[in-house]
Each structure stands twice: as structure tokens, then as C-alpha cells.
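J.: Next comes the sequence, and after it the predicted model I'd like to discuss.
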Amino acid sequence: MVCSLTTRLYGGDLIKPILQVALDLLELDRAIQIALEAADGGADWIEAGTPLIKSEGMDAVRELKKALPAKKIVADMKTVDTGAMEVEMAAKAGANIVAILASSDDSTVHDALRAARKYGVEVMVDLLGSPDPVTRSREMEALGVDYICVHVGIDQQMMGRRAIDFLDEILGHVKIPVAVAGGIDAPSAAEAIAAGASIVIVGGSVARSPDVTASGRKIREAMDRAHEGVIRRERKSMDEEMFEIFREVSTPNISDAMHRKGAMRDVLPINPGQKIVGRAVTVQTFEGDWAKSVEAIDLAGPEDVIVIYNGSRYVSCWGGLATQSCKIKGVAGVVIDGAVRDLDEIREMGYPIFASSITPMAGEPKGMGEINAEITCGGLSVRPGDLIVGDDSGVVVIPRERGYEIARRAKEVEKTESRLREEILRGRTLSEVANLKRWEKK
Ligand SMILES: O=C(CO)[C@H](O)[C@H](O)COP(=O)(O)O
């Protein structure tokens, strides 16, 4: 679909679309630095994100206002009760706009608006989690709120939801300016403006980028060029997206995303420098028997990883000929809780194998065990179809029903690390950047 339109009428003025950068961090000093860089990149409004407010209180708003007095400061309070009290405290700290939740009771919205009028601030209502966003946005407009925010929260994004998908629905129903938030990057910012949004709220794509100014500028430019016409991108399937992300992120990113779990014990790359991503074809076999391991090659394809429990560190269930056969079939890789042999051949083939030991001695093809039943490998339970990712740090197993979610969360871990790495390169130590002492469990 080709759309055009970059400007919206509100308050009687023709305005340029607004870029709001959300600071969803825990540390105020880092947030201020990122806000300054975002302002250089073209951010019009700066948002004290909810995590920042929870971590630093109203000082987050105070200090952002002090650092950037000419910018509008948005306090993302996500208020659901005591509307007046929360609007008053944010306004007195220097906020120009206070964000409350549309799912709050009307009494909360009314009182938030009374306080907003008294203290000269505006109210943005966030549709996050609203069961009927169209009706609620109409009701909010009737109550007199200043902005509606179409928002898919960070956890919802991890399940595949996108704000852009229900933006159109809301735009047709309200006349007040509509903001859009939730995983927005440069292409989706342009799509949102072309569809008719007035405000684009961007968090991670800017605030967790190593070059905040350049990322902000890229989004700003995409928004400003949206009137030239925007082709709405076809969405990839969730499986495609998931595989693409797993190929980009590392196994430590994935394990962090799984709350620091999911890694196999004592199963390591025997041919370092190779990465595997695929769905498990599981093999249960027994010490001295390699028949089922090899038979599994006939069932596996390019998006599969053969995962074998053999259990013996002293008799191989895999070697050079099996590897050759796998390679020709295009199977993504092999993971063995057990031993492997013919390392020289495997290295020459450049084929990814992860195993727990190496020995020249092979067993016999006896045919015990089974293929595609649940197994234990590297101390973890692996079911057919679970996602397997291996790299030089080891092998992780992602339960099949959480594959997409964990891929998205691992990508967020990677983004956060890329910003932290940048701050370390600028001269701070890791414990300073992570503020370790402050966050030790008390
Ligand atoms: O309010 C928020 C989460 O509740 C975020 O600030 C908002 O979703 C924007 O961040 P991102 O672009 O990373 O999704």
C-alpha cells in the first residue's frame, strides 16, 4: 500500500510529526546522556520512561527538564489510580505531558484532567492492554484528553504484536492527535506517519543504540520523508523472523533472555567458529550403538539439528561418514551428549558439531533406542521441534512454544549490550555502567 501525508492539524496549527524518545532505563545519569544525544538526533519530546521513573522517582523528570529545558518532557506515569496526585507530582517536577493508562477508571481520568488543567500540562492516554481500544479511545476523546497513544508494550511485542497493525483502526475514530509506540524503528515510523499518526514514540531503537544521535536522525528523516510515499512492508512469518534473529544473536544473549538458563552442560563445539540454528530431531541411543544416530540423517532437513543422547564419553556414536552424509543433506548441525571421532575430516568439511568428548573408538550399528522422542542432552530436556542454537560459547535449547518470544527477547539483550559496550568504550568500567553496587540484592 502506498500512503502519503506527513502533517496533521491539531490546535489549529499545521505541525511536523513529533518524534518522542522514551528512556526506559534504570540510571538517571545514563538517561540524561542518552537524552542529550537523542535531542541532537532530532527528538522533539523526551520521555521519562516508566522504569526510569520507578527507579529514580520524580527526579528523573526534574533532571531531564534541567538538562533539556527547551524540550517537552513526557512523564510516562502509566497512572491507573490517584490521577490528580500523579499528574500534580509530574507537573511540579517539570513534565509538560503526563501519560496515564486508558484502562483506568473514568474517575481517574477526570481527576487527572482536572489536575492537568490546573498545572498547565497535557494528558496522553495510553491504550496499552485496553480490551476495546476503539471504544476506549472515543471515550477518552470525549472526556477531553489531549493525545491517544496506540501502544503495544515491550512484553506484548515479544509475542509478535505490533502497534502499526492496530493504528489504522484507531485513527479512523478520533480527531485528537494519535501517538504510536511499541518497537518502532525507522521504516515503521515512516509507515505510522504515512498512516496519519502525529507522534512517533521510540524507545529501544534509539535509546539502546550505540549511536543514539545517528539512530534518532535516521528515524527523524524517515518520518520527514513519509509524505513522499511509504510502501507498507509485508510482514515475514514469525518462523522466518525467529530463525533470522537466532542467526544474529549469540547463545549468551539467548541464555540471558531465558533468565540465564537453557545452556547444555559439557557439550562444546568441536569445530569452533561454526554456528547452528535449527529445530531438534532427537535421538536416544546407547553406549556402543550408533545406528539410530545415523538413521536420523534420513529424517532431518536444512532447518534441523540432530540432537543425540549417547551418554558414553568413551565410544563414538558419530564420525566423518555421518558428517559427510549430513552435509550433503544440508542438515544444520549435530549436537551429541557423547563422543565423536574423525575430527580431521569434520574440520576439513567445516561442519558444525558439538559434543562432549572425542575418541577414535566407534561402537556397532545395533539399532537400540528411538528417534524423535523426548531426550535428555547436556542435562536438559529436549523435545522434537525445540529450537537449538550453538556457537563458540556452547549450545542452548529453547522450548518450541517459546521460540519466537525468546528470539525477540535475545535481540533486546543484544541491543542493551551494544549500548553498554559503547559506554565502556567511552571510558567507564562495566561495574560503573551497570551500577552493580546499587543493584546488589539487599
Ligand atoms: O512505554 C513503554 C513500554 O511500556 C516504552 O517506552 C514504549 O514501548 C517505547 O519503547 P520501545 O520502542 O522499546 O517499544
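T.: It's in. Residues are numbered from 1 along each chain as shown.

J.: got the domain boundaries for the protein?
T.: 2-235, 242-404 (automatic domain parsing).

J.: Worst mean pLDDT among these?
T.: For these, mean pLDDT drops lowest on domain 2-235, to a mean of 93.

J.: That one: how far from the chain's middle?
T.: Taking C-alpha atoms, centre = their mean, to the nearest Å, one finds domain 2-235 lying 19 Å from the centre of the chain it belongs to.

J.: quick one: it near the ligand?
T.: Yes: counting by C-beta under 6 Å from any ligand atom, the ligand is contacted by domain 2-235 at 22, 24, 49-50, 76, 153-154, 181-184, 201-205. The C-beta positions use only the backbone N, C-alpha and C, and glycine is treated the same way.

J.: and the residue of the stretch 101-250 of the chain nearest the ligand?
T.: Ranking the residues of the stretch 101-250 of the chain by distance to the ligand (C-beta to the nearest ligand atom) places residue 203 first, at 2.2 Å.

J.: Can you name the residue of the stretch 301-442 of the chain nearest to the ligand?
T.: Minimum separation of the stretch 301-442 of the chain from the ligand (C-beta to the nearest ligand atom) falls at residue 412, amounting to 8.1 Å.

J.: Torsion angles phi and psi at that residue?
T.: phi -60, psi -40 (degrees, to the nearest 10).

J.: which residues sit in contact with it?
T.: Residues near residue 412 by C-beta atoms under 8 Å, 6 or more residues apart in numbering: 154, 158, 204, 208, 257.

J.: how far away is the last one from residue 250?
T.: Distance, residue 257 to residue 250, using C-beta to C-beta, to the nearest Å: 11 Å.

J.: who's more crowded, those two?
T.: residue 257 (25 against 19; other C-beta atoms under 10 Å).

J.: mind listing what's buried in stretch 311-325?
T.: Residues of stretch 311-325 classed as buried by neighbour count (16 or more other C-beta atoms under 10 Å): 311, 312, 313, 315, 316, 317, 318, 319, 320, 322, 323.

J.: possible to save those residues as a markdown table with distance to the ligand and secondary structure?
T.: Converted to a markdown table, the buried residues of stretch 311-325 look like this (distance: C-beta to the nearest ligand atom, whole Å; DSSP: H, G, I helix; E, B strand; the rest coil):
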| residue | distance to the ligand | secondary structure |
| --- | --- | --- |
| 311 | 44 | coil |
| 312 | 48 | coil |
| 313 | 45 | coil |
| 315 | 51 | coil |
| 316 | 48 | strand |
| 317 | 45 | coil |
| 318 | 43 | coil |
| 319 | 47 | coil |
| 320 | 47 | helix |
| 322 | 45 | helix |
| 323 | 42 | helix |
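
J.: ok, how many other residues are close to the nearest residue to residue 406 once chain neighbours are set aside?
T.: Nearest non-adjacent residue to residue 406, counting by C-beta to C-beta, 6 or more residues apart in numbering: residue 398, 4.8 Å away. Burial of residue 398 is recorded as 25 neighbouring residues (other C-beta under 10 Å).
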